[in-house]
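J.: using only what follows, build the 3D model:
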Amino acid sequence: MSSLPTLESKNEFLYNIPGEPPNLINPPKGDAFAIRNKNALKIDYFEEPPVFKISDTHSASTWLLHKYAPKIKTKGERVLINE
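T.: Modelled structure (predicted):
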């Protein structure tokens, strides 16, 4: 979400995910994007995250939505996980 521009972000740096996309032929164990995620948890490197239903039309596959996950805030607090 931090990489999406807003009307207020005219000269503001937009966040980008570092690194390369995962190898889909030989994917890593756990969450394929953990190595590129600064908020990755230890479990992300060993176990694929479950899918959490956000609404009737949206879901997310992330351990950060688990009830025991730490609270994460992003720049500008536009995205709050486990609020």
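J.: which residue ranges form the helices in the chain?
T.: Here the chain has no helices by DSSP state H.
J.: low-confidence ranges, it, go.
T.: Low-confidence segments of the chain, defined by pLDDT under 70: 1-4, 9-12, 15, 74-83.
J.: apply 90 and report the result again.
T.: 1-24, 27-28, 32-33, 35-39, 54, 64-83 (pLDDT under 90).
J.: so where do the strands sit in it?
T.: Ranges of strands in the chain, per DSSP state E, are 51-53, 59-61, 72-73, 80-81.
J.: what distance separates the first one from the centre of its chain?
T.: Strand 51-53 has its average C-alpha position 13 Å from the chain's average C-alpha position, going by CA atoms, centre = their mean, to the nearest Å.
J.: and the second one, by the same measure?
T.: From the chain centre to the centre of strand 59-61 is a distance of 10 Å (CA atoms, centre = their mean).
J.: which strands and helices lie in contact with that strand?
T.: strand 51-53 (3 or more CB pairs under 8 Å, 6 or more residues apart in numbering; DSSP states H and E). All C-beta spots, glycine's among them, are computed from the backbone N, C-alpha and C.
J.: partner strands of the strand it packs on and their direction?
T.: strand 59-61 (antiparallel) (DSSP bridges).
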